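**Student:** Sharing a model that was predicted from the sequence below.
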Amino acid sequence: MQISTNIWQWISVACVFGMWSLPLYKDNPFYRVCQNVFVGSCAGHAIGIAVGNIVNYGFQPLGQGKLDLLIPIILGLMLYTRFFPGIAWLSRWPVAFLVGVGVGQTIYTSLRSQIINQSIAAMTKFPGQDLASSLNGLISLIGLLAILTYFLFTVPQSRFVKGMSQLGRWMMMVTFGVGFGNVVSGRLSVLLGELLKIFGDWLGMI
Amino acid sequence: MRKEAPLLITFVVALIVMLSQVTTGNVPGLGISMPVLFERYISPWMTVVSAFSLCLASVNLIVIHSRNVSRKQPEWIYSLILLGSLVLYGAWCTYVQINPDNAAAAATYSLLYNNILSPLMTGQWACLAFYVASASYRAFRARNLEATVLLVSAILVMLGATPVGGVIWSKFPVIQRWLIDVPNMTGQRALLIGAAIGSFVACLRTMLGIERSHLGIGGGS
Amino acid sequence: MDLMTRLQNVDSRVIYVILLIALSLPLLFPMGIPMQVDPMVRAVYDIIEGLDPETDKVLLSIDYSPGAGLDAEVSPVAVVEHLTQRGIKWVAISFGTPDGPMMTNRIIDSLEQRGYEYGKDFANLGYMAGEENAIRLFALDCLSVPTDVRGNRTADLPVMQGIKNVKDFAFVMQFSSSGPEMWIRQVVDPMGVPFATGTVTVSVPAIIPYYHSGQVKGIMGGVSSAAQYELLCNNPGRGASLMDAQSMGHLIIILFIVLGNIGYFMTKDKKQSAGS
């Protein structure tokens, strides 16, 4: 065991313990300090990166003669009119622009990449190259239809629809189970990463 | 003007961006194609406006916590700590961004980032492992058949996902792989398609001005 | 109060401490349990093995923040080590989070300490705001990023020579703590660029449909995938060192679930018999 003499290593571990003090002990001033430093530093970092982007993609090209960039700079500044009640309505314009671009990007591409391509992928797996893959393809196809049926609320609930809905629920339960298994795995990995730093980098035990 | 202009902006911009993905010819009267209009104007503008929007939450934080400090509200000292760290990180990061060739400033900022901000963030997220453990013990119950299916598939995935599962029984990784590749894939695909349909409809409503809540002017029908 | 009721009401902190001890022991005393390599991980390895170091360049989109911890961080490290071993040049950029450039710098720092040259072997183009829009803009014109994080002109970087749009990269890989939907919508489907994703374990189930539809060529999901990748590259690192503890963690959580359920059924039976 060789404890680190690097002051930054100690600060780093203190920050981790500060955050862990909430579950492992209870709400305490050290945790509150860490929590507020965390929020403040994240917000500060975001400001720095944003300013960098505004300069890089806005003011610098504007200075080189791309005068059309005055429009987004003005729109960007208009976002902050929401802090002044009299002219707060002006902030709707940049929001409308942001939403417009987002909508335009998604409306066609989600249709192509997520609805059409995924539906094609579901249909082309059956029949497969061998019995096992054909069976899996069939399960996938029927399962997909069953889950989609579960979300059909506007059709009469006949016996067939109810049966399909029930099958869909079972499929979703397995999906959520797999999801939970992965959540456990993922959360443990983050904790393990911190333990590795504590035992390895700080205490020098690994 | 206050209501109509934003709706018009959303519609026109969305239309240009959408058409830029499916058309190539010039727009009559403009002498420029939609993809070029997007690439030269709309997209770089969006980058700048998005960059401005990144600070919005931070400015909001500054307003709220400055008020807490100036009015000496309960626990204002924590607001002061938040503002102090915001100013420190904000100023330093801004300096590094504006002077990217100053290696010393960038290195010092990296120290601050890697040894304070980063462990605080990771420490916070690592707490979720504790809560997951607690939830597994207290809430993950086989109350009925469906919950049992969920529980069993979760356990099988957990056993198959790590090397120890394969040591206990060589079929655990095979079962885990099948659960992920077949039933899970089916479920996720259905949810994905459902979400995409929802997103498509929401986008269409927004584009046509039926959905207006994002502008704070009430939502149409 | 009998044992079962007491077990049901045990303090959460007891559970946390048991978890900490269970995870710490295998870290301190590793057992070296053998691993199997997942086909999704091997797919990423095979793609990189198939690249030509003379002509091919790789684009890495680093879209995770430190909050995702080692679960997100070990995969890009393993892939970059592989790229470095093979002498393949790469460029990193971030769209998903302003933390991305700092995450890339961590990887770059370690390479520079070993003598690899910034700008020639790799570069960090920083963060571009706008997410999906920025991805599309960069894909159409990679020089739309005027400078890298060190203030060099992007067009002047040796590693960027011959790169005009995203199709000039032989392979694109995104590392994020969420899904690759935006890349698929804006780059993979319209441009047909070979694409793989590295993500946190939590997000893997949601990405599986894209893998089976062929939109994503390979997936690296968290620490376990990184450990398998390190194994494939014959270069065990932080991923591999965590796998024993990961196994123990899973076993302890399963034990918690089993104990919790035993307690639940025992007390439920008692309540029912007391009620009747």
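**Tutor:** Now that the structure is in, tell me what you want to look at.
**Student:** Is residue 97 in a helix, a strand, or coil?
**Tutor:** By default, I'm working from chain A. helix (DSSP: H, G, I helix; E, B strand; the rest coil).
**Student:** meant chain C, my bad for not saying
**Tutor:** Strictly by three-state DSSP, residue C:97 counts as coil.
**Student:** shouldn't it be in contact with residue C:67?
**Tutor:** No: Residue C:97 is beyond contact range of residue C:67, at 9.3 Å (criterion: CB atoms under 8 Å). Any C-beta I mention is one placed from the backbone N, CA and C, and that applies to glycine too.
**Student:** Is stretch A:105-121 in proximity to chain C?
**Tutor:** Yes: using CB under 8 Å from any CB of the partner chain, stretch A:105-121 reaches chain C at A:105, A:106, A:109, A:110, A:112, A:113, A:114, A:117, A:118, A:120, A:121.
**Student:** pLDDT score assigned to residue 160?
**Tutor:** Let's take chain A. Per-residue confidence for residue A:160 comes out at a pLDDT of 93.
**Student:** should've been chain B
**Tutor:** Reported pLDDT for residue B:160: 94.
**Student:** Can you report how many residues lie near the nearest residue to it once chain neighbours are set aside?
**Tutor:** By the measure of CB to CB, 6 or more residues apart in numbering or on different chains, the closest residue to residue B:160 outside its immediate chain neighbours is residue B:176, 2.4 Å from it. Neighbour count for residue B:176, taken as other CB atoms under 10 Å in any protein chain shown: 24.
**Student:** Check residue B:145 too.
**Tutor:** Neighbour number of residue B:145 under other CB under 10 Å is 10.
**Student:** Okay, and which of the residues of stretch A:105-121 next to chain C map to helices?
**Tutor:** A:105, A:106, A:109, A:117, A:118, A:120, A:121 (DSSP state H).
**Student:** these two touch, right, the last one and residue C:209?
**Tutor:** Yes: contact criterion CB under 8 Å: residue A:121 and residue C:209 qualify, at 7.2 Å.
**Student:** Which neighbours do the two have in common?
**Tutor:** Each of residue B:189 lies in contact with both residue A:121 and residue C:209 under the rule CB atoms under 8 Å, 6 or more residues apart in numbering or on different chains.
**Student:** Compare neighbour counts for those two and give me the winner.
**Tutor:** Between residue A:121 and residue C:209, counting by other CB under 10 Å, residue C:209 is the more crowded of the two (27 against 19).
**Student:** pLDDT score assigned to the residue lying closest to the more buried one once chain neighbours are set aside?
**Tutor:** In space, and not counting its chain neighbours, residue C:209 is closest to residue B:189: 4.1 Å by CB to CB, 6+ apart. Residue B:189 is assigned a pLDDT of 97 by the prediction.
**Student:** Buried residues, the helix or strand hosting residue B:189. List them.
**Tutor:** Secondary structure from DSSP states H and E places residue B:189 in helix B:185-207. Buried residues in helix B:185-207, defined by neighbour count with 16 or more other CB atoms under 10 Å in any protein chain shown: B:185-194, B:196-197, B:199-200, B:203, B:205-207.
**Student:** One more: stretch C:149-161?
**Tutor:** Buried residues in stretch C:149-161, defined by neighbour count with 16+ other CB under 10 Å: C:149, C:150, C:151, C:152, C:154, C:157, C:159, C:160.
**Student:** What segments of the chain are helices?
**Tutor:** Since you didn't name a chain, this refers to chain A. A:7-24, A:29-54, A:60-63, A:70-78, A:92-109, A:117-123, A:131-150, A:159-196.
**Student:** that's the wrong chain, I meant chain B
**Tutor:** Using DSSP H, helices in chain B cover B:4-19, B:34-37, B:43-54, B:56-70, B:76-98, B:103-112, B:118-138, B:145-161, B:163-168, B:171-179, B:185-207.
**Student:** Please work out which of the ones you listed is packed deepest.
**Tutor:** Stretch with highest mean neighbour count among the helices of chain B: helix B:43-54 (a mean of 25; mean count of other CB atoms under 10 Å in any protein chain shown).
**Student:** Check which helices and strands that helix sits against.
**Tutor:** If you count contacts as 3 or more CB pairs under 8 Å, 6 or more residues apart in numbering or on different chains; DSSP states H and E, helix B:43-54 packs onto helix A:29-54, helix A:70-78, helix A:92-109, helix C:132-140.
**Student:** so who does residue B:79 touch?
**Tutor:** Counted by CB under 8 Å, 6+ apart, residue B:79 has contacts A:36, B:64, B:65, B:66, B:68, B:69, B:73.
**Student:** and which of these is nearest residue C:196?
**Tutor:** Nearest to residue C:196, judged by CB to CB, of the contacts of residue B:79 is residue A:36 at 39.0 Å.
**Student:** Just to check, the closest one is in contact with residue B:86?
**Tutor:** No: in this structure, residue A:36 is not within contact of residue B:86 by CB under 8 Å, at 9.4 Å.
**Student:** Tell me the pLDDT of residue C:4.
**Tutor:** pLDDT, residue C:4: 76.
**Student:** Leaving out sequence neighbours, find the closest residue to it.
**Tutor:** For residue C:4, the closest residue by CB to CB, 6+ apart turns out to be residue C:266, at 4.4 Å.
**Student:** So which of the helices of chain A has the densest surroundings on average?
**Tutor:** The most buried one of the helices of chain A (mean count of other CB under 10 Å) is helix A:92-109, showing a mean of 24.
**Student:** Is any residue of that helix near chain B?
**Tutor:** Yes: counting by CB under 8 Å from any CB, chain B is contacted by helix A:92-109 at A:92-101, A:103-109.
**Student:** likewise stretch A:138-147?
**Tutor:** Yes: contact between stretch A:138-147 and chain B, assessed by CB under 8 Å from any CB, occurs at A:139, A:140, A:143, A:144, A:147.
**Student:** Pick out the most distant pair among the residues you listed.
**Tutor:** For these, the farthest-apart pair by CB to CB is A:139 and A:147; their separation is 12.0 Å.
**Student:** Common neighbours of the two, please.
**Tutor:** Joint contacts of residue A:139 and residue A:147 (CB under 8 Å, 6+ apart) are residue B:186.
**Student:** on that earlier part again, a markdown table for the helices of chain B, including distance to residue A:128?
**Tutor:** Below are these laid out as a markdown table (distance: least, CB to CB, whole Å):
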| stretch | distance to residue A:128 |
| --- | --- |
| helix B:4-19 | 37 |
| helix B:34-37 | 39 |
| helix B:43-54 | 42 |
| helix B:56-70 | 49 |
| helix B:76-98 | 53 |
| helix B:103-112 | 51 |
| helix B:118-138 | 36 |
| helix B:145-161 | 22 |
| helix B:163-168 | 26 |
| helix B:171-179 | 14 |
| helix B:185-207 | 14 |
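**Student:** Of all those, which one comes closest to residue C:224?
**Tutor:** helix B:145-161 (6.2 Å).
**Student:** got the CA positions of that closest one in PDB?
**Tutor:** Extracted C-alpha coordinates of helix B:145-161, given in PDB (Å, rounded to 0.1, in the frame of the first residue of the first chain):
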ATOM      1  CA  LEU B 145     -46.700 -13.800 -13.000                       C
ATOM      2  CA  GLU B 146     -45.700 -10.900 -15.200                       C
ATOM      3  CA  ALA B 147     -43.400  -9.500 -12.500                       C
ATOM      4  CA  THR B 148     -41.900 -13.000 -12.100                       C
ATOM      5  CA  VAL B 149     -41.100 -13.000 -15.900                       C
ATOM      6  CA  LEU B 150     -39.400  -9.700 -15.500                       C
ATOM      7  CA  LEU B 151     -37.500 -10.800 -12.400                       C
ATOM      8  CA  VAL B 152     -36.300 -14.100 -13.900                       C
ATOM      9  CA  SER B 153     -35.200 -12.500 -17.200                       C
ATOM     10  CA  ALA B 154     -33.300  -9.800 -15.200                       C
ATOM     11  CA  ILE B 155     -31.500 -12.500 -13.100                       C
ATOM     12  CA  LEU B 156     -30.700 -14.500 -16.200                       C
ATOM     13  CA  VAL B 157     -29.200 -11.400 -17.900                       C
ATOM     14  CA  MET B 158     -27.200 -10.600 -14.800                       C
ATOM     15  CA  LEU B 159     -25.800 -14.100 -14.600                       C
ATOM     16  CA  GLY B 160     -24.900 -14.300 -18.300                       C
ATOM     17  CA  ALA B 161     -23.400 -10.800 -18.600                       C
END
